[in-house]
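Chemist: with the sequence up front, the predicted model follows.
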Number of protein chains: 4
Amino acid sequence: MIKVAINGYGTIGKRVADAVSLQRDMKVIGVSKTRPNAEAFVAQERGYPLFIADMSKAQAFSDAGITVAGSVEDMIRSADIVVDATPGGVGVKNRALYEKHKVKALWQGGESHEIAGFSFNASCNYEGARNRQFVRVVSCNTTGLCRIIKAVDEGFGVTKVRAVMVRRGADPHVIKKGPIDSVVLDPVGIPSHHGPDVNSVLPDITIVTMAMIVPTTQMHMHALIFELASDATREEILAIIKAHPRLGLVKKATGIVSTAELKEYVMDLGRPRSDLWENGIYEDSVSVVGRDLYLFQAIHQEADVVVENIDAIRAMAGDVADGATSIRMTNEALGFVAI
Amino acid sequence: MIKVAINGYGTIGKRVADAVSLQRDMKVIGVSKTRPNAEAFVAQERGYPLFIADMSKAQAFSDAGITVAGSVEDMIRSADIVVDATPGGVGVKNRALYEKHKVKALWQGGESHEIAGFSFNASCNYEGARNRQFVRVVSCNTTGLCRIIKAVDEGFGVTKVRAVMVRRGADPHVIKKGPIDSVVLDPVGIPSHHGPDVNSVLPDITIVTMAMIVPTTQMHMHALIFELASDATREEILAIIKAHPRLGLVKKATGIVSTAELKEYVMDLGRPRSDLWENGIYEDSVSVVGRDLYLFQAIHQEADVVVENIDAIRAMAGDVADGATSIRMTNEALGFVAI
Amino acid sequence: MIKVAINGYGTIGKRVADAVSLQRDMKVIGVSKTRPNAEAFVAQERGYPLFIADMSKAQAFSDAGITVAGSVEDMIRSADIVVDATPGGVGVKNRALYEKHKVKALWQGGESHEIAGFSFNASCNYEGARNRQFVRVVSCNTTGLCRIIKAVDEGFGVTKVRAVMVRRGADPHVIKKGPIDSVVLDPVGIPSHHGPDVNSVLPDITIVTMAMIVPTTQMHMHALIFELASDATREEILAIIKAHPRLGLVKKATGIVSTAELKEYVMDLGRPRSDLWENGIYEDSVSVVGRDLYLFQAIHQEADVVVENIDAIRAMAGDVADGATSIRMTNEALGFVAI
Amino acid sequence: MIKVAINGYGTIGKRVADAVSLQRDMKVIGVSKTRPNAEAFVAQERGYPLFIADMSKAQAFSDAGITVAGSVEDMIRSADIVVDATPGGVGVKNRALYEKHKVKALWQGGESHEIAGFSFNASCNYEGARNRQFVRVVSCNTTGLCRIIKAVDEGFGVTKVRAVMVRRGADPHVIKKGPIDSVVLDPVGIPSHHGPDVNSVLPDITIVTMAMIVPTTQMHMHALIFELASDATREEILAIIKAHPRLGLVKKATGIVSTAELKEYVMDLGRPRSDLWENGIYEDSVSVVGRDLYLFQAIHQEADVVVENIDAIRAMAGDVADGATSIRMTNEALGFVAI
């Protein structure tokens, strides 16, 4: 039983905690919060022991009716692996703590590759993470890119990828970030950081990415253009997608043409928090023109890395040797229903 | 066991179906769709027999891999009560069908009071619906107004209510409706229809409502101003809210100040479809100034009428005599967790 | 000729500069910027001498092709009156500078009443600002409230006002502020600061305000509820509005029911920057029920205070004795076209 | 003096009318409306004779205080050229009328190529429109694509273009269209109609376009990927853009990174209706990688076709032989200020 601590019980942390608690080979030994708020009430409701960084705030938690189990250091001492899900740029400050306590730790894609020296995607390089002390799970967009690029590359070879990433402005519950009515180039310069970040997982892929932000909260949308190394038919590409445990196909028959409808569909299928853990590839968009492949995929920014975190934990713990097995274990525990 | 048919498996219909299926005294005998799409796949996934209005479309359903159980008339013939959850204005056309088959039917608030001659809210007039053939459950906004007005009126008397209703532009999955960047007066004229609609349930209340639409999908927000008939303290008002089975209090300690954060909190508490069935009254907003009471409440447009539909079914079936009992049965079956 | 300096050439500052330059009794002697950007190019294009706070940045301006006329202190030394249009909370830090140079200064509503000891609205208290050294022009929302409340109070007496203010989340060009999809109570508590702020101009009015923020950029919307001290007809209220130089009536015949359509109409009428300097009161909303008056008004957050700044300058300079005359001079210089 | 009638005084029609009225070789002899509303008041304010399709509505216009000059047929009889700016799909119904009256007519891009048999862009095929009876000005997005593709192709040869078009959901004043919070693939299939539409102007270009809609009103954004036929440097590409009368360069020094900031800048420069008639190419995005050229361009959906309409009128009238001359005349009359 791998003892997992979640340092940072927010958008990603709360999902990882629930996913860990569903795995037969893992358990949540604690989660952390910096102040008493709605998420702290949720942690308590779910029964996760709650630890806090600054014990001088224990009274504030107590006043709100929330029980504090101890300090973050207490939590780390009891853990086999810490999932650092603190906000981007904060995680790097926690590294010394993990080293001091000789605990394994994994970070999210908001941190740089150098924090761990290894950037992870279960479908691409699971084996490389086995028994490592430190691992970085790449960001939601990079995760979505790596999955489909690796799959197409294995099938037909990929000579070049161009990706235009239309990103959501903020998560649904975030009220201070915009834009309200604008398309924002982020960055204006080309390429965006996503291309190099894909290369941190798949170093041999030639890729140029362009990125912008739009006023939506529901999901990112990727427009992908592949130059293939060998001939492929649309049907062969669809077959690769259907066979892949982390690529979902948004069937034409559903009539779904947007991120909003896809989110609703995932909600209606009973997924916790309406989470789409797979890439959402629109069946009707998959097009082969000569040796070019075009497609649209939706990426649920809050969800796709959650399952990768689970696989990364398993790889770091070392008991499961291969990615395919871990992915199957993770998916089954979550009760993946095909979209 | 009350046999319930859901005519119109959309935003409200799919929620009512799931809520019915959780009640011990009811069962879903069928749901209807007009064309094969994502919702039809969901109905099939949930195991609800699917009926269609136009049997000439049976092949289209079959081609999409969806099994058709029969025609809508077949469904109606087997039902004790039909929940008509078709779009506003469509339900009225179905009335003749229900009369022909001598089946009980209830409609949503998109239809006018006259369709049934009785407008329903479980906390206000449950008994009046007992054994009726036809009932109309009032709209989400009217439901939210009736609950709080009735409760305050019972406690202290209400001389006059002014309500400003800031309404969401469309449901989260709706992609064609706006506005994108505007506040729209709907209507410009005063009062909006909500005040008279409250009077269809609570005829003796003096109320003036003003309504507008804004570019959000998550919930409506009501700014409410009551003139009270007798002195009340803030604490007494809070006590009334806390004691009410359909009034939820958004605790100050959660730090929640918006509809988006409230929706996230309800999602994190594990509610199906992130549904807030109660009024979401912001604790920190409840203010008494002289004999005026001010407060803000969030109303989840997709959810608050769902539980009222369940109570209306029970009232019409006649076995449960009082509203308080039905409300308790409904809430318990859904596993209400206090927000 | 009143020599006016604009300290802070942003959303308000650039509009005030253009409005000053159109008055026969005023001239712009300079505007200030902290860094070279689009607004600095605009200032240069318009021919306004550009001053900068930190002379060490002169090279950066020069590299961008923008000529620097001197330091902000240089600008202040040459001015009769400084319009401080720096961001809220920054202006207060400039007060010592204005005192040191014994220059008159006016601030915007983002600063507190105490900064100047006098809160200004041309239609309410012009005379009180005459020859003062320091004045604060109240915020866009407070300006819009003061104008209509004063006018109705003069006509029929106002016993009590309740106002629900639905505020735009950010100005159209602002890309970092949200919300994207939420209604945000700001504040949750009641009253919002607007009521007390109205009292800084109109101390004898009883008013309670409730405020929220929504995802739009175009204008604020106010839902206003007046209790009148004497009987009034709808026609009498409309007559007051039509006669007022800063209250605009959005005619029913235009078919305009929203902020977006109103902005477009103002744009089509050729107003600079599509600016609505008046309150935009929706004719069809003006309703009298007993002794209650209800109405909706749109407030253009970027524009309504601009004309108040001009009048405040004139009052502080002292040459024009009464508000009505100054308002007429300002309006004529801008070429007000009736909406 | 070319006598121009504008059939359809809406978003495009009102802009074309104002642009025509500024040309020395053209005059507006009338505009048409179907019902009295804000735009009808604007037409009257601007002094354009107003004609109506259905004379039975003359009284309604009169009641609103708007003078009707006659019927649409009256208007057409007096015109040399009719600019049909009716909504997409309506224009085709007017074709018989224009044939009957033997009047020249031009349509907008919402109609198909076949309506006129000639699709126009002033920078690409001005000469082909000379003396034609019927011409179609291509849509805003196609116009923006044609301009830059033609310019790059003339400079270095273009082997292939891929374009991802992120489109605004509705114009700023439109309140009924969405989406509010979604990215909508429009269409899901690849290519979108824009690629073939470019070929209606530039038949020899190989182009694949992908298109989606996002919740913004301000401008479209294009992510463009060119494969060049010969080597080019970034500086050479920038030189082509700077030299082109309809390609605007959004200078890095402005700090502008979004559509919203660009619209504000154009507004601040005093352009009527904040109209950006040129492509808005972000200087910092222009990138050459091997023989690939990448860039972002903003396209103002309400504005870029307006100047093309003027040039099309001039080409059809026949007096000005070449596109370069017409473009210069149009730009000078509008007082283009470099962005």
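Modeler: The structure has been received and is ready for your questions. Numbering: from 1, shown residues only, chains lettered A, B, ... in the order given.

Chemist: for the stretch 151-300 of chain A, what lies in contact range of chain B?
Modeler: Residues of the stretch 151-300 of chain A lying close to chain B by Cβ under 8 Å from any Cβ of the partner chain are A:172-175, A:180-181, A:217-218, A:253-258, A:260-261, A:263-265, A:267-270, A:272-274. For glycine as for every other residue, the C-beta is placed from the backbone atoms N, C-alpha and C.

Chemist: residues near the residue in the stretch 201-339 of chain A positioned nearest to chain B, how many?
Modeler: Relative to chain B, the nearest point of the stretch 201-339 of chain A is A:Glu264 (3.5 Å; Cβ to the nearest Cβ). As a burial measure, A:Glu264 scores 25 neighbours (other Cβ atoms under 10 Å in any protein chain shown).

Chemist: check what pLDDT it gets.
Modeler: pLDDT, A:Glu264: 98.

Chemist: list the contacts for it?
Modeler: By Cβ atoms under 8 Å, 6 or more residues apart in numbering or on different chains, A:Glu264 lies in contact with A:274, B:38, B:172-173.

Chemist: ok, which of the residues you listed also contact chain D?
Modeler: Among these, proximity to chain D is found for B:Pro172 (Cβ under 8 Å from any Cβ).

Chemist: ok, A:Phe336 - contacts?
Modeler: A:Phe336 neighbours (Cβ under 8 Å, 6+ apart): A:245, A:277-278.

Chemist: in the longest helix belonging to chain A, what's buried?
Modeler: If you go by DSSP state H, chain A has its longest helix at helix A:140-156. Using 16 or more other Cβ atoms under 10 Å in any protein chain shown as the test for burial, helix A:140-156 gives A:140-153, A:155-156.

Chemist: repeat for stretch A:34-46
Modeler: A:34, A:36-44, A:46.

Chemist: reformat those residues as JSON lines; add secondary structure, pLDDT and distance to B:Gly30.
Modeler: Listed next are the buried residues of stretch A:34-46 as JSON lines, based on DSSP: H, G, I helix; E, B strand; the rest coil; pLDDT from 0 to 100; distance: Cβ to Cβ, whole Å:
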{"residue": "A:Thr34", "secondary structure": "coil", "pLDDT": "95", "distance to B:Gly30": "51"}
{"residue": "A:Pro36", "secondary structure": "coil", "pLDDT": "95", "distance to B:Gly30": "47"}
{"residue": "A:Asn37", "secondary structure": "coil", "pLDDT": "95", "distance to B:Gly30": "44"}
{"residue": "A:Ala38", "secondary structure": "helix", "pLDDT": "97", "distance to B:Gly30": "39"}
{"residue": "A:Glu39", "secondary structure": "helix", "pLDDT": "97", "distance to B:Gly30": "40"}
{"residue": "A:Ala40", "secondary structure": "helix", "pLDDT": "97", "distance to B:Gly30": "44"}
{"residue": "A:Phe41", "secondary structure": "helix", "pLDDT": "97", "distance to B:Gly30": "39"}
{"residue": "A:Val42", "secondary structure": "helix", "pLDDT": "97", "distance to B:Gly30": "37"}
{"residue": "A:Ala43", "secondary structure": "helix", "pLDDT": "98", "distance to B:Gly30": "41"}
{"residue": "A:Gln44", "secondary structure": "helix", "pLDDT": "97", "distance to B:Gly30": "41"}
{"residue": "A:Arg46", "secondary structure": "helix", "pLDDT": "96", "distance to B:Gly30": "36"}
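
Chemist: would you list the contacts of A:Phe336 in CSV and tack on secondary structure?
Modeler: CSV is the format used below for these (DSSP: H, G, I helix; E, B strand; the rest coil):
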residue, secondary structure
A:Pro245, coil
A:Trp277, coil
A:Glu278, coil
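
Chemist: let me know the closest of the residues you listed to chain D.
Modeler: Within the contacts of A:Phe336, the smallest distance to chain D is 17.4 Å, found for A:Glu278 (Cβ to the nearest Cβ).

Chemist: what's the spacing between the closest one and chain C?
Modeler: 24 Å (Cβ to the nearest Cβ, to the nearest Å).

Chemist: torsion angles phi and psi at that residue?
Modeler: According to degrees, to the nearest 10, the main-chain angles of A:Glu278 amount to phi -90, psi 170.

Chemist: so how far is C:Ile66 from it?
Modeler: Shown here: A:Glu278 relative to C:Ile66, a distance of 51 Å by Cβ to Cβ, to the nearest Å.

Chemist: more neighbours, the two?
Modeler: A:Glu278 (28 against 19).

Chemist: now for that one: which residues touch it?
Modeler: A:246-248, A:304, A:336, A:339.

Chemist: need those residues in TSV (columns: distance to B:Val164 and pLDDT).
Modeler: Listed next are these as TSV, based on distance: Cβ to Cβ, whole Å; pLDDT from 0 to 100:
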residue	distance to B:Val164	pLDDT
A:Arg246	47	98
A:Leu247	47	98
A:Gly248	43	97
A:Asp304	40	98
A:Phe336	45	83
A:Ile339	40	81
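
Chemist: inside strands: which ones of those?
Modeler: Residues of the contacts of A:Glu278 located in strands (DSSP state E): A:247-248.

Chemist: and the residue nearest the centre of chain A?
Modeler: When chain A is reduced to its mean C-alpha position, the nearest residue by Cα atoms, centre = their mean turns out to be A:Val305, at 1.2 Å.

Chemist: that residue against A:Ile12, yeah?
Modeler: Yes - between A:Val305 and A:Ile12 there is a contact under Cβ atoms under 8 Å: 6.6 Å.

Chemist: need the overlap of contacts for the two.
Modeler: What both A:Val305 and A:Ile12 touch, as defined by Cβ under 8 Å, 6+ apart, is the set A:Gln108.

Chemist: which ones are touching the closest residue in space to A:Gly157 that isn't next to it in sequence?
Modeler: Nearest-residue entry for A:Gly157: A:Ala229, 2.7 Å, with adjacent residues in sequence omitted and distances by Cβ to Cβ, 6 or more residues apart in numbering or on different chains. Counting by Cβ under 8 Å, 6+ apart, A:Ala229 touches A:156-159, A:291.

Chemist: around chain D, which positions in the stretch 51-200 of chain A sit nearby?
Modeler: Contact residues, the stretch 51-200 of chain A versus chain D (Cβ under 8 Å from any Cβ): A:162, A:164, A:166, A:179, A:181-191.

Chemist: quick one, which of these are buried?
Modeler: The buried subset of these (16+ other Cβ under 10 Å) comprises A:162, A:164, A:166, A:179, A:181-186, A:188-191.

Chemist: any idea which of the contacts of A:Glu278 is the one closest to B:Ala315?
Modeler: B:Ala315 has its nearest neighbour among those in A:Ile339, at 38.5 Å by Cβ to Cβ.

Chemist: that closest one: neighbour count?
Modeler: A:Ile339: 21 neighbours (other Cβ under 10 Å).

Chemist: just to revisit the earlier point, the contacts of A:Glu264 in helices, which ones?
Modeler: Among the contacts of A:Glu264, the residues falling in helices (DSSP H) are B:Ala38.

Chemist: give me the phi and psi for A:Ser32.
Modeler: Dihedral angles for A:Ser32 - degrees, to the nearest 10 - are phi -120, psi 150.

Chemist: pretty sure it contacts A:Lys14?
Modeler: No - A:Ser32 lies out of contact with A:Lys14 (Cβ under 8 Å); the separation is 11.5 Å.

Chemist: neighbour count: those two, which is higher?
Modeler: Between A:Ser32 and A:Lys14, counted using other Cβ under 10 Å, the more crowded position is A:Ser32 (28 against 24).
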